[in-house]
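S.K.: Build me a model from this:
(chains A, B, C and D)
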4 protein chains.
Amino acid sequence: MTAQETVSDIRVRYAETDQMGVVYHANYLIWCEIGRTDFIRSRGMSYADMERQGFLLAVTEVTMRLHASARYDDLVRVTTRLVSVRSRAVEFAYEITRPDTGASIASVGTTLVSVSPEGRPVTLPAGIRALLDRGPLVA
Amino acid sequence: MTAQETVSDIRVRYAETDQMGVVYHANYLIWCEIGRTDFIRSRGMSYADMERQGFLLAVTEVTMRLHASARYDDLVRVTTRLVSVRSRAVEFAYEITRPDTGASIASVGTTLVSVSPEGRPVTLPAGIRALLDRGPLVA
Amino acid sequence: MTAQETVSDIRVRYAETDQMGVVYHANYLIWCEIGRTDFIRSRGMSYADMERQGFLLAVTEVTMRLHASARYDDLVRVTTRLVSVRSRAVEFAYEITRPDTGASIASVGTTLVSVSPEGRPVTLPAGIRALLDRGPLVA
Amino acid sequence: MTAQETVSDIRVRYAETDQMGVVYHANYLIWCEIGRTDFIRSRGMSYADMERQGFLLAVTEVTMRLHASARYDDLVRVTTRLVSVRSRAVEFAYEITRPDTGASIASVGTTLVSVSPEGRPVTLPAGIRALLDRGPLVA
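M.R.: The predicted model follows:
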């Protein structure tokens, strides 16, 4: 983890497994959303507050590569990195790994656009862009 | 099925199974919500419209008994019945069965209260109560 | 929390909300499953191990009362209590609250029966019943 | 729709929405899985049977572009197309649209590898590959 990354540790839920005995793949996107929430919080904002201020981030692109399976009760780690922040779009990359061995489970990328509560594209305020881009708060 | 019931047939999704090889129990509540949506539609309304008019139905009580398991790709049937409609609460009962054999999978009951978009209790308009209570539209 | 209870703190995920702006009610059952997993772990077992030994706990009854709403990014607490353990059934009760104020969000009860991997009822070994019933391990 | 495609119509569930008022993006992957199940069925097989014969298809790559939002109670259409079938991998493409207007909601691609119930890569039998590749059964 560098200063530009945040780490979210997640315990796999029974509900996240499927009859293959492993985590159903769509759940990785939910874990990435947790990583994103934690990343934004590390910058001194909260995504819940961003929404209350009228700036929603809607996912528009996803790429996902799955390298290995996660299982019920496993501890998994989402390492979230900001790739870019532009006036109307933010790009994140995520590595999902096993914290004990470092083995990779999945690599995910998402692009999000900022929209109003009515779903119209809006420009992210310079203040929010600067916060996202500046590195984490030091306690 | 009597005139007071509606039937919703649902194909079990892979995502709804868990590592036990059967449907994860929380999904039954989602199927009941489909049954509720279909029931309201059979009365000539749509729940989506009810919400747009400011009347949201929030679940406040659930009872559920599971008698058997459903599996991936099974066809299951939700039979939805209105138990009661009062000024601020609506009660539904659901039977989840196998349509081929009639075997019971689960019996569920839910109570819902009508709330405003802000979450405050509101009285259901007499028109909506009458529609729910009157029996299905005849085509 | 007494010695007979365990506590699981959970951050509400965006994916758990619905268009009412609050947590979709079926997710409470998933949180209770997390509470159950943590309770069993506090007794020095893991539910994942129980399953590997051939003892699966399948939910057969649920009662749920919802008193208030939880929202995205809220911290919620599940307090899990063993109600009874019998030869083939285990009963748990859960209180979902806000840890900061203690306000109640939901009260849930579940009955689970022990089944084999093939879904047949099996008697819980005396060792597992004793572990569940004896109180938490003291570190 | 060409002979090489299948169509699955899906009614959006309340549980699939989030507090943005639209479908949570991870659910699109679940809809694609429904499309895949229907595609395989159109070839005279069932994916449930494939699994019972020991051939599981595990998702290893996803690309997804979201063009518009779907909302509660909307009817959406998943058009599923086989892109390629090789000895150990199958590639599908999906278009999610509104059936009434044809407007595009999302474009998704998935690569799946064939694995044994224990998760080891296995070669797809020639019979299964031929079935997938030959075009739909004519009734």
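S.K.: Within the helices and strands, which one has the residue nearest in space to the middle of chain A?
M.R.: Centroid-nearest residue in chain A: residue A:36, 2.9 Å away (criterion: C-alpha atoms, centre = their mean). Take DSSP states H and E as the rule and residue A:36 turns out to sit in helix A:27-42.
S.K.: who are the neighbours in contact with residue A:63?
M.R.: Applying C-beta atoms under 8 Å, 6 or more residues apart in numbering or on different chains, one finds that residue A:63 lies in contact with A:108, A:109, D:62, D:63, D:64. Quick note: C-beta positions are derived from backbone N, CA and C, even for glycine.
S.K.: Quick check: it vs residue A:125, distance?
M.R.: 28 Å (C-beta to C-beta, to the nearest Å).
S.K.: Also residue A:9?
M.R.: As judged by C-beta to C-beta, residue A:9 and residue A:125 stand 31 Å apart.
S.K.: residues in chain A within reach of chain C, list them.
M.R.: Contacts of chain A with chain C, taken as C-beta under 8 Å from any C-beta of the partner chain, map to A:11, A:13-15, A:30, A:33-34, A:37, A:46-48, A:71-73.
S.K.: With pLDDT and neighbour count as new columns, can those be given to me in a markdown table?
M.R.: Listed next are the residues of chain A next to chain C as a markdown table, based on pLDDT from 0 to 100; neighbours: other C-beta atoms under 10 Å in any protein chain shown:
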| residue | pLDDT | neighbour count |
| --- | --- | --- |
| A:11 | 98 | 14 |
| A:13 | 98 | 19 |
| A:14 | 98 | 19 |
| A:15 | 98 | 22 |
| A:30 | 98 | 17 |
| A:33 | 98 | 26 |
| A:34 | 98 | 19 |
| A:37 | 97 | 22 |
| A:46 | 95 | 14 |
| A:47 | 96 | 20 |
| A:48 | 95 | 18 |
| A:71 | 97 | 14 |
| A:72 | 98 | 21 |
| A:73 | 97 | 17 |
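S.K.: Verify the contact between residue A:122 and residue A:115 for me.
M.R.: Yes: between residue A:122 and residue A:115 a contact is recorded at 6.2 Å, counting by C-beta atoms under 8 Å.
S.K.: More neighbours: which of the two?
M.R.: residue A:115 (20 against 17; other C-beta atoms under 10 Å in any protein chain shown).
S.K.: Do I have it right that the more buried one meets residue A:124?
M.R.: No: with contact defined as C-beta under 8 Å, residue A:115 does not count as touching residue A:124 (10.5 Å).
S.K.: Would you state the helices of chain A in chain order?
M.R.: Ranges of helices in chain A, per DSSP state H, are A:27-42, A:47-52, A:126-133.
S.K.: export those to CSV and tack on distance to residue B:131?
M.R.: What follows is the helices of chain A, written out as CSV (distance: least, C-beta to C-beta, whole Å):
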stretch, distance to residue B:131
helix A:27-42, 37
helix A:47-52, 35
helix A:126-133, 46
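S.K.: among the ones you listed, which is nearest residue C:4?
M.R.: Closest approach to residue C:4 among the helices of chain A is made by helix A:27-42 (30.9 Å; C-beta to C-beta).
S.K.: could I have the closest one exported to CSV, CA atoms only?
M.R.: Coordinates of each C-alpha in helix A:27-42 appear next as CSV, following Å, rounded to 0.1, in the frame of the first residue of the first chain:
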residue,chain,number,x,y,z
ASN,A,27,-20.1,-9.6,-5.3
TYR,A,28,-16.6,-8.4,-6.2
LEU,A,29,-18.2,-5.2,-7.5
ILE,A,30,-19.9,-4.7,-4.2
TRP,A,31,-16.5,-5.2,-2.4
CYS,A,32,-15.0,-2.6,-4.8
GLU,A,33,-17.8,-0.1,-3.8
ILE,A,34,-16.7,-0.7,-0.1
GLY,A,35,-13.1,0.1,-1.2
ARG,A,36,-14.3,3.3,-2.9
THR,A,37,-16.2,4.4,0.1
ASP,A,38,-13.2,3.8,2.3
PHE,A,39,-10.9,5.6,-0.2
ILE,A,40,-13.1,8.7,-0.2
ARG,A,41,-13.3,8.7,3.6
SER,A,42,-9.5,8.6,3.8
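S.K.: Cheers, nothing more for now.
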